[in-house]
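[1] sharing a sequence plus its predicted fold:
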Amino acid sequence: MSFKDLVHYLRARYAVEEGQTMAEYGVVLAVIAIGVVVALGLLSTSISGAIDSVRSNL
């Protein structure tokens, strides 16, 4: 086993993959947040109309 093989083995053996997982969670969270903002933006007029309707009935 050469020194280069040893270095490759150690890097593969002790590679930290937690950073990738956190990055993936961050991307998923960002996509969900953008989806919620877009959905609320598209539904804002309907929500406002429903609230006004309830307010006028009370």
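    That came in fine, so what should we check first?

[2] count the residues that sit near Met22.
    Applying other Cβ atoms under 10 Å, we find 10 other residues in the vicinity of Met22. C-beta: built from backbone N, CA, C; applies to glycine.

[3] now swap in Ile51 and tell me
    Here the number of neighbours of Ile51 (other Cβ under 10 Å) works out to 10.

[4] list the buried residues of the strand or helix carrying it.
    Element membership for Ile51, per DSSP states H and E: helix 18-57. Of the residues in helix 18-57, none is buried by neighbour count under the rule 16 or more other Cβ atoms under 10 Å.

[5] what is the mean pLDDT for that helix?
    The predicted model assigns helix 18-57 a mean pLDDT of 89.

[6] for Lys4, see how far away the residue nearest to the spatial centre of the chain is.
    With distances taken as Cα atoms, centre = their mean, the residue of the chain nearest its centroid is Leu29 (1.6 Å). Counting by Cβ to Cβ, to the nearest Å, the separation of Leu29 from Lys4 is 39 Å.

[7] cool, Ala15 as well?
    Distance of Ala15 to Lys4, computed by Cβ to Cβ: 17 Å.

[8] same question, Ala30
    Ala30 sits 39 Å away from Lys4, taking Cβ to Cβ as the criterion.

[9] so Ala15, which of the three states?
    When the structure is split into helix, strand and coil by DSSP: H, G, I helix; E, B strand; the rest coil, Ala15 lands in coil.

[10] and it, how many neighbours does it have?
    Here the neighbour count serves as a burial measure; for Ala15 (other Cβ under 10 Å) it reads 8.

[11] check Lys4 too.
    Using other Cβ under 10 Å: Lys4 sits among 8 other residues.

[12] for Leu10, see how far away it is.
    Note on Lys4: its distance to Leu10, by Cβ to Cβ, is 11 Å.

[13] kindly report the same for Arg55.
    Arg55 sits 68 Å away from Leu10 when distances are taken as Cβ to Cβ.

[14] many thanks, we can stop here.
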